[in-house]
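Participant: Predicted model, plus sequence, below.
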Protein chains: 2
Amino acid sequence: MNSTELVKHIENKRSFLCVGLDTDPVLIPAAFQKEVDPVFAFNKAVIDATADYAVAYKPNIAFYEAFGPKGWESLQKTMEYMPKDVFTIADAKRGDIGNTAYKYAQTFFDPNCAGFNFDSVTVAPYMGHDSVEPFLRFEDKWVILLALTSNPGGHDFQMTKSEDYIPLYERVMRLAQSWGSPEEMMFVIGATRSDFLQKVREIAPDNFFLVPGVGAQGGSLEDVAKYAMNSRVGLLVNSSRGIIYAGDNPAIDAKREAKKIQEEMSMYLDEYYIK
Amino acid sequence: MNSTELVKHIENKRSFLCVGLDTDPVLIPAAFQKEVDPVFAFNKAVIDATADYAVAYKPNIAFYEAFGPKGWESLQKTMEYMPKDVFTIADAKRGDIGNTAYKYAQTFFDPNCAGFNFDSVTVAPYMGHDSVEPFLRFEDKWVILLALTSNPGGHDFQMTKSEDYIPLYERVMRLAQSWGSPEEMMFVIGATRSDFLQKVREIAPDNFFLVPGVGAQGGSLEDVAKYAMNSRVGLLVNSSRGIIYAGDNPAIDAKREAKKIQEEMSMYLDEYYIK
């Protein structure tokens, strides 16, 4: 999916919600446990319930590969079931070089390899440009590069200032913009503080940001919209557990939570989205 | 496997060779292509040919997951076939936090999850301590943390000096030593220059280093042994393509190449290994 289509879906659904499919077999409601493939059955129910309110879905790859070949099959079925009008993110945080990076890109982008046709993959920057470039060889596919993450360990290295007083996350964002255009590169931005949101938008005015952890973890959705929206929206805000585990019946519970967030997002689009 | 056992195997085999199983179906000799599972059949032949000369095997996970469930099955069979006296490395370069990192650890460490029982996983440091800690909860299992890599992009961020003039790779190595002991943490060190080898050994005197790319890519094995060996050897030096694709018949070709490296290593153990 290219950015024009993505923006069109955001405008049509009046939503920049991404639903995280961190599907844990242990947490799936009892009603799905009797299915042949409980993980797929649950994902299917969540997608059915939320597709009107979400523009993106983000399976967390760890939750599938932890179950070996069976887990990969649940993921394949989930991806086959995805509606055509959603952007898909393989949250895999891969980071290796050359030939190996290309294999990872094939895994998620080339349907003739592992059977997936994701629009994007999350990638780690530590190994530098030759760990990112192989993912950019695929047309209309995206790298979503880790930049600033909100976990406690995010401060261990990402905030370290260099000799020229530039923190590592900023160096990553600036240098990465020379590797790929905003039509093929997004950044993971775990910021919730308004000053950081303004700063990252200044560093990368045109890139989409994938923002995890708004909602349950306490970030303010309004601040994200107010300080980091750009003239093409430029935001995908993720919620995982707050939606998928909202209750025993996704058709009611996941739908209610997704709708609530979409309605809030619609308000912020009215207020802050200036084309 | 704990470090005492690993050192014992190194002393017995007089080798610190790791064989990288970057098994690409396209590069497998024709004789294996007719097998039901060519990747496994080839890996089995490579292991049979090299097990006397290698103390570790390192499947490159990208090469398996690029083939979806089928690839994971080839990897499961390969791991089941591993001799008991080798150290196994899942070269996966995972890097995520909390619950997700724990799922990745389960994938490779807990045989009841994805069916693997690897001794170690390569992990990326960008997200900090809470992306590493979940892997350290497993007894006698190891994190092999990316520190200094030899690819061109390794210079993009790893060599960036901070305000206090410490390059990022050094900061990673120093801080990571407060997260886990040398009994559970190794570092990926792609250094081949003698000054860097001396430096990293000074930074982490007691940790094992996994050194990729000696051989074909031109690093000097003698320099690695001379400048980075410690009182428990402290080295695993990897060769992938130089061994597994040395010729059409692994029983002859892979064996010859592995034996050649082992004989060189044996010499360096005589010369530089002081308990």
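Facilitator: Received, thanks.
Participant: quick one, which residue of chain A lies the farthest from its center?
Facilitator: A:Glu163 (32.3 Å; C-alpha atoms, centre = their mean).
Participant: residue contacts, it?
Facilitator: Residues in contact with A:Glu163 (C-beta atoms under 8 Å, 6 or more residues apart in numbering or on different chains) are B:Lys161, B:Ser162, B:Glu163, B:Tyr165. Every C-beta, even on glycine, is put in place using the N, C-alpha and C of the backbone.
Participant: which residues are contacting stretch A:6-15?
Facilitator: Counting by C-beta under 8 Å, 6+ apart, A:16, A:52-55, A:85-87, A:208, A:232-233, A:261-262, A:265-266, A:269 sit against stretch A:6-15.
Participant: in chain A, which segments are predicted with low confidence?
Facilitator: A:215-219 (pLDDT under 70).
Participant: are any of the contacts of stretch A:6-15 buried, and which?
Facilitator: Applying 16 or more other C-beta atoms under 10 Å in any protein chain shown to the contacts of stretch A:6-15, the neighbour count classes A:16, A:53-55, A:86-87, A:208, A:232-233, A:261-262, A:265, A:269 as buried.
Participant: picking that back up, the residue farthest from the centre of chain A and B:Tyr169, how far apart?
Facilitator: 15 Å (C-beta to C-beta, to the nearest Å).
Participant: that older thread, output the buried ones among the contacts of stretch A:6-15 as JSON lines; include the columns secondary structure and distance to chain B.
Facilitator: Shown next, in JSON lines, are the buried ones among the contacts of stretch A:6-15 (DSSP: H, G, I helix; E, B strand; the rest coil; distance: C-beta to the nearest C-beta, whole Å):
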{"residue": "A:Phe16", "secondary structure": "coil", "distance to chain B": "23"}
{"residue": "A:Tyr53", "secondary structure": "coil", "distance to chain B": "24"}
{"residue": "A:Ala54", "secondary structure": "coil", "distance to chain B": "20"}
{"residue": "A:Val55", "secondary structure": "coil", "distance to chain B": "23"}
{"residue": "A:Val86", "secondary structure": "coil", "distance to chain B": "21"}
{"residue": "A:Phe87", "secondary structure": "strand", "distance to chain B": "20"}
{"residue": "A:Phe208", "secondary structure": "coil", "distance to chain B": "20"}
{"residue": "A:Arg232", "secondary structure": "coil", "distance to chain B": "27"}
{"residue": "A:Val233", "secondary structure": "strand", "distance to chain B": "26"}
{"residue": "A:Ile261", "secondary structure": "helix", "distance to chain B": "21"}
{"residue": "A:Gln262", "secondary structure": "helix", "distance to chain B": "25"}
{"residue": "A:Met265", "secondary structure": "helix", "distance to chain B": "25"}
{"residue": "A:Leu269", "secondary structure": "helix", "distance to chain B": "30"}
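Participant: ok, how many other residues are close to A:Glu11?
Facilitator: Counted by other C-beta atoms under 10 Å in any protein chain shown, the residues lying close to A:Glu11 total 16.
Participant: how about it, secondary structure?
Facilitator: Classification of A:Glu11 using DSSP: H, G, I helix; E, B strand; the rest coil returns helix.
Participant: And the one 4 residues further on, by the same measure?
Facilitator: Of the three states, A:Ser15 takes coil according to three-state DSSP.
Participant: Just give me how far stretch A:140-160 sits from the chain centre.
Facilitator: 13 Å (C-alpha atoms, centre = their mean, to the nearest Å).
Participant: near chain B, anything from that stretch?
Facilitator: Yes - using C-beta under 8 Å from any C-beta of the partner chain, stretch A:140-160 comes into contact with chain B via A:Leu146, A:Thr149, A:Asn151, A:Pro152, A:Gly153, A:Gly154, A:His155, A:Asp156, A:Phe157, A:Gln158, A:Thr160.
Participant: what about that stretch, start to end distance?
Facilitator: The straight-line separation of the ends of stretch A:140-160 (C-alpha to C-alpha, to the nearest Å) is 33 Å.
Participant: picking up where we left off before, and of the residues of stretch A:140-160 next to chain B, the nearest to B:Val36?
Facilitator: Closest to B:Val36 out of the residues of stretch A:140-160 next to chain B is A:Leu146 (39.4 Å), distances taken as C-beta to C-beta.
Participant: Surely that closest one touches B:Pro125?
Facilitator: No - using C-beta atoms under 8 Å, A:Leu146 makes no contact with B:Pro125, being 11.4 Å away.
Participant: Residues that sit against both of the two, list them.
Facilitator: B:Gly95.
Participant: one step back: could you pick out the buried ones from the residues of stretch A:140-160 next to chain B?
Facilitator: Using 16+ other C-beta under 10 Å, the buried ones in the residues of stretch A:140-160 next to chain B are A:Leu146, A:Thr149, A:Asn151, A:Gly153, A:Gly154, A:Asp156, A:Phe157, A:Gln158, A:Thr160.
Participant: mind giving me TSV with these and columns for secondary structure?
Facilitator: Converted to TSV, those look like this (three-state DSSP):
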residue	secondary structure
A:Leu146	strand
A:Thr149	coil
A:Asn151	coil
A:Gly153	coil
A:Gly154	helix
A:Asp156	helix
A:Phe157	helix
A:Gln158	coil
A:Thr160	coil
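Participant: Need these in JSON lines (columns: distance to B:Gly71).
Facilitator: Converted to JSON lines, these look like this (distance: C-beta to C-beta, whole Å):
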{"residue": "A:Leu146", "distance to B:Gly71": "25"}
{"residue": "A:Thr149", "distance to B:Gly71": "29"}
{"residue": "A:Asn151", "distance to B:Gly71": "30"}
{"residue": "A:Gly153", "distance to B:Gly71": "31"}
{"residue": "A:Gly154", "distance to B:Gly71": "32"}
{"residue": "A:Asp156", "distance to B:Gly71": "33"}
{"residue": "A:Phe157", "distance to B:Gly71": "32"}
{"residue": "A:Gln158", "distance to B:Gly71": "33"}
{"residue": "A:Thr160", "distance to B:Gly71": "37"}
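Participant: tally of neighbours for the residue lying closest to A:Ser231 once chain neighbours are set aside?
Facilitator: Ranked by C-beta to C-beta, 6 or more residues apart in numbering or on different chains and with sequence neighbours excluded, the top spatial neighbour of A:Ser231 is A:Lys275, at 5.7 Å. Residues within reach of A:Lys275, counting by other C-beta under 10 Å, total 7.
Participant: ok, now A:Asp110?
Facilitator: 18.
Participant: Can you give me every residue that contacts it?
Facilitator: A:Asp110 neighbours (C-beta under 8 Å, 6+ apart): A:Asn117, A:Phe138.
Participant: So what does it look like in phi/psi?
Facilitator: phi -100, psi 110 (degrees, to the nearest 10).
Participant: before we move on, back to that, now that we have the contacts of A:Glu163, which of them are buried?
Facilitator: By 16+ other C-beta under 10 Å, the contacts of A:Glu163 give B:Ser162 as buried.
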